[in-house]
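[1] Just a sequence and a predicted model for now, questions to come.
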Amino acid sequence: MTEEKNWHTHRDAKNARLASASSLFNGKFAKTEDVVEVLNTLIKPGDKVVLEGDNQKQASFLSEALTKVDPERVHDLHMIMSSISCPEHLDIFDLGIASKMDFSFAGPQSTRVSQMIADGTMTVGDIHTYLELFGRLFIDLIPNVVLVAADKVDREGNLYTGFNTEETPTIVEAAAFHDGIVIVQANEVVDKLPRVDIPSDWVDVIIPADKPYQLEPLFTRDPQAITELQILMGMMAIKGIYAKHHVQTLNHGVGFNTSAIELLLPTYGEQLGLKGKICRNWELNPTPTLIPAIESGWVQSIHSFGGEVGMEKYIAARPDIFFVGKDGTMRSNRALGQVAGQYALDMFVGSTLQIDQWGNSSTVTNGRLSGFGGAPNMGSNPTGRRHSTPAWQSLKPDDDPLAKGQKLVVQMVETFGANKKPVFVDHLDAEEVRKEAKLANVPIMIYSEDTTHIVTEEGIAYLYKTDSMEERKAAIEAIAGVTPVGLRSNPEEVKKLREKGIVALPEDLGVRREDAKRSLLAAQTMDDIVEWSHGLYNPPAKFRSWS
Amino acid sequence: MEKLHFEYQNSTPVKKFAHVGVVASGDLEILVYPADGEKTTLDITTGSDGFEKVWQNVLDRFFARYPLNGKFIVHDFGATPGVVNLRLTQAMEALKDEK
Amino acid sequence: MRNLWLFPGQGGQNPGMLDQVDPQLKEQVEKWTNVKLLDTAEGYQDSVQIQLSILLLQIDQVDQLKKLGWQPTLVAGHSLGIFAAAYAAGVINKEDIFKLVTLRAKLMQECYPEGYGMGVVVGLSRPEVKKLVAEVHSDTNPVYISNQNSEMQNTISGKLIAIKQVLALAKENGASKAKLLHVPNPSHSPLMQKTADQLNTFIAQLNLHQPSCIYLANYNGHAVRSLKDIKYDLGNNVIYPVLWETMMQVALEYQPDVSSEFSPGTAFTKLLKAKTDQLHMVTLSAMSIDDADYLFNKWEKKE
């Protein structure tokens, strides 16, 4: 007779851990001051730990507590984080608590990440796109412990995560249904929640935080900082891309270029008679610069990855547009937002720090291993897509009976950055960074093959129309200004490319550079945006001129 | 502070005066007059030293596309090559309007 | 409130800058070091005078701020500035720091009587300058890339003849500025190994303490918390480039609320301003300690 195999070792281990810490709990609740001891007891060496932190919301109470655990008891953790944003996310490596990291984005900590990889303090699993990282939580990076943040929790342990639900449900699900331990920090304990975002059944431990979780207004752009050059590029994009391809569903990156476009829709877009024809359905964080377009009737719907500080009241008053619960507050969802961003959109428009001679782009520069946000998902062509839209169809090659459409992936850059460094380079710094950090792949943000358009102050390159790499390079050179790449361009070649419609200068599009004035923006100040919102938008302090 | 001078042989005569751009950090202003003689001349006063080669490249590229024959006075306050190109092409548009 | 304290090195000295310094401290320093501090234009022709006077000025300001209850979260010194930074971090006592810097200044003065120095290149990136340095460098005419003050401002150190060649190449390759500096030795390059050896011997017999805050190291641009790393920097920063740009990037990743630049000068605040508008900035050469105290209090309350 063979011995019966135990098929629930994970569950046994989880129960044993929770039992060993039971003196610290009252039901699911632990005391604020016991947080470090809770972590000391529940986390074991070598655990895979998801610490919730994205580019906006941070489980800051738990991440600070994690720096205070005893490295004798808790060490060699394998951290999984979509974003490395706070100093303490790396301090746990300095302190010997963690040793390995799988992540997507490290922009705010990119120098230290580079240094830690170089000196061996941190081993990197991989640098992922968001969807890969979320996906792997259910495949081969199943967490032992997850540390997440909630706005409110009721006495039963149900969670309200509201505007900033973001990736909390995804992380919690990966642990809750595979015997991981779910530890939640809560801003507030209340008798009744506005609504339940995550049921108490999925939650093991709740610790009231000493202060609310950290939240960054990441997508707020002050229109005062938009330049005439950005306005010109915005005009070209609207006429030469948005209108030309009838783009109805889209995402905008976080830069000023796209803010300019949002503020040009109600003015320049209106003049061109485009209302209702373009920019109707969005996957986008609730950026304040879109308020004038919403108010003038351009926008039908917006689904969001996350919230945005100051937009709460405005969103609550516009449930036709945003995704809002019965309680009147928005719900965001980063994982579903990225799925929508990759599969359901006609177009992604973003920006970058470098583009190489072939059209690959990256924000990883020397000494800074920043990883990427949503751009690699949204800025890639999902080859399995089936549904058709006019924009998608418009990129279909006409010489192949089996051809299908393509997503528009647009990079908008000025040829030189503010520091007068060329954006167009022969080789990305990322190639060097790959060697230094010993990565398997060059950290490219958006690949040349996925990039369909590049817009600069000189004009638009319609890369999807090129039929060889040589032609693609020539099209990039034609709009790359006096960068080392652009200097290779010659006038005859540019003339040919313009005739073929592969390159368009402003005059080819009927865009007058003299019209690129700030007065063309629907809102020129934060105050203007507040006015457009009928006083419902409440800018964060650092964006208010009167404070 | 640096003063630069460039000359070109261009075909399209400038027939009137044009003024574009602004006096502001990161920007520049350009005054364009009909040429004094046969040559196109540019006199540039710039706050950023050491960018002569970049100016040369910007001007070569601009005049290859728009061969305006005129007299250009430029006051630069640290504009990027992109902004310089914007102002030059705006001047080109302003001059074209007359025709 | 997270406060980043910045300590500049040589370059900003000016006659009369010690006017406001505690006279008792000045007297004490002169006793410890056997150097009479002149604080005059002629005096500042001499690098021992320069190094000790700047150190004195910074130590005096550190003492005053600490007396008012202020402590740094992060300290960063540029070259000579690391000594006041280490003092501010509680690593080394006052007498030892002045003796150490006296030795350093004298060793640096004596090591290369002539023919060596430093140059600066503005407008080229560090990899670009590195390439030019590699073209010129040889065993007989050594030249090294040294300090990284900002992304597009780097220094080179070595034999003057080689430095001049690199500067000429830099001009040809589009540098907006490429010139010799008034530094009579090839600081922050391997040519200073002997000086480093002697400093390390002296440091080995000092009684040093664990730092009370994060220290940004010149030699590798890392944020360090261990005495071992700081000790290494104090003795060896003369043979390494000052990776100031990297130090500042790392410092900013710790999300300071305030930067405070100690005297003399305001150069490092200007460099920081070009990188961020996310923190308050104080320059002690342009305001009194009382003014700084007032501002710190105001910002701390707002948090």
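    Perfect, I can see it now.

[2] Please count neighbours and contacts with C-alpha atoms only from this point.
    Fine.

[3] What strands line up against the biggest strand by length in chain B, and which way round?
    In chain B, taking DSSP state E as the definition, the longest strand is strand B:68-76. When sheet partners are counted by DSSP bridges, strand B:68-76 sits next to strand B:12-13 (parallel), strand B:28-34 (antiparallel), strand B:40-46 (parallel).

[4] Which positions in chain B make contact with chain A?
    Applying CA under 8 Å from any CA of the partner chain, we find that chain B lies next to chain A at B:54, B:57-58, B:61, B:64-65, B:80-83, B:85-86, B:89-90, B:93-94.

[5] Can you tell me which of those are buried?
    Listed as buried from these are B:57-58, B:61, B:80-83, B:85-86, B:89-90, B:93-94; burial here means 16 or more other CA atoms under 10 Å in any protein chain shown.

[6] if you skip the residues just before and after it, what's nearest to A:Ser296?
    Leaving aside its chain neighbours, A:Ser296 sits nearest to A:Pro266 (6.6 Å; criterion: CA to CA, 6 or more residues apart in numbering or on different chains).

[7] still on that earlier bit, what element comes up after the longest strand of chain B heading to the C-terminus?
    helix B:81-97 (DSSP states H and E).

[8] Give me the angle between that following helix and strand B:68-76.
    Helix B:81-97 runs at 140 degrees relative to strand B:68-76, counting by axes from the mean of the first three to the mean of the last three CA atoms, to 10 degrees.

[9] Could you see whether chain C lies near helix B:81-97?
    No: Helix B:81-97 lies out of reach of chain C by CA under 8 Å from any CA, never closer than 14.4 Å.

[10] quick one, what contacts the residue of the stretch 301-450 of chain A found nearest chain C?
    As assessed by CA to the nearest CA, chain C sits closest to A:Gly367 within the stretch 301-450 of chain A, at 8.2 Å. Contact analysis of A:Gly367 by CA atoms under 8 Å, 6 or more residues apart in numbering or on different chains lists A:Ser110, A:Thr111, A:Ser114, A:Gln115, A:Val433.

[11] where's the first one relative to chain C, distance?
    A:Ser110 sits 8 Å away from chain C, taking CA to the nearest CA, to the nearest Å as the criterion.

[12] Burial check on that residue, number of neighbours?
    23 (other CA atoms under 10 Å in any protein chain shown).

[13] Does it touch A:Asn366 like I think?
    No: in terms of CA atoms under 8 Å, A:Ser110 does not count as a neighbour of A:Asn366; the distance is 10.3 Å.

[14] quick revisit: tabulate the buried ones among the residues of chain B next to chain A (TSV), appending distance to A:Ala16.
    What follows is those, written out as TSV (distance: CA to CA, whole Å):
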residue	distance to A:Ala16
B:Asn57	71
B:Val58	71
B:Arg61	73
B:Thr80	63
B:Pro81	65
B:Gly82	64
B:Val83	65
B:Asn85	69
B:Leu86	68
B:Thr89	73
B:Gln90	73
B:Glu93	77
B:Ala94	79
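
[15] biggest separation within the residues you listed, which pair?
    Within these, two members stand farthest from each other by CA to CA: B:Asn57 and B:Ala94, at 22.6 Å.

[16] Now do the residue in chain B that chain C sits nearest to, the pLDDT please.
    Going by CA to the nearest CA, chain C is nearest to B:Gly50 of chain B, at 3.4 Å. Note on B:Gly50: pLDDT of 78.

[17] Make sure it is indeed in a helix.
    No: looking at B:Gly50 with DSSP: H, G, I helix; E, B strand; the rest coil, it is coil, so not inside a helix.
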